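Asker: sequence plus the predicted model coming up.
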Amino acid sequence: MRAVFNGVTIADSDDTIVVEGNHYFPPDSVSWEHLSSSRARSVCPWKGVASYYHVHAADEDARSAAWTYRHPFPWIRKIRNHVAFWGAVEVS
């Protein structure tokens, strides 16, 4: 799987975890230089608190287009620190 924004590969992995239709990329497969922390947070009743990132590539920004669960609930800990994308980031 590959996450691409504005023609730039943001993450690439053959080992994503799919949860609710979203591919969660392992932390070591993410090009962190294209992400910056967002203040956005959301709560999922069965995964926990999600923290978001803005995605930057080729002089364009996608606000809060990536997220992670730093401390997911025990039953979904397999996605801990993995990163998922949405919006303008194409995952295929």
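Answerer: Cool, got the structure. Please read these numbers as outputs of a predicted model, since none were measured by experiment.
Asker: part of a strand, is K78?
Answerer: No. Counting by DSSP: H, G, I helix; E, B strand; the rest coil, one finds K78 to be helix, located in no strand.
Asker: number the chain from 34, please
Answerer: Happy to do that; since the first residue is 34 now, the last one works out to K111.
Asker: residues touching the residue lying closest to it once chain neighbours are set aside, list them.
Answerer: In this structure, K111 finds its nearest non-sequential neighbour in I50, 5.8 Å apart by CB to CB, 6 or more residues apart in numbering. Placement of C-beta: from N, CA and C, glycine included. By CB atoms under 8 Å, 6 or more residues apart in numbering, I50 lies in contact with H56, Y57, K111, I112, H115.
Asker: cutoff 6 Å now
Answerer: Y57, K111, I112 (CB atoms under 6 Å, 6 or more residues apart in numbering).
Asker: quick one, phi/psi of it?
Answerer: Per-residue torsions, I50: phi -110, psi 130 (degrees, to the nearest 10).
Asker: what's the local residue count around W79?
Answerer: W79 is flanked by 10 other residues according to other CB atoms under 10 Å.
Asker: number of residues surrounding the nearest residue to D45 once chain neighbours are set aside?
Answerer: Spatial nearest neighbour of D45, chain neighbours left out: R35 (4.8 Å); criterion: CB to CB, 6+ apart. By the criterion of other CB under 10 Å, R35 has 16 neighbours.
Asker: just say helix, strand or coil for D61.
Answerer: Assignment for D61 (three-state DSSP): helix.
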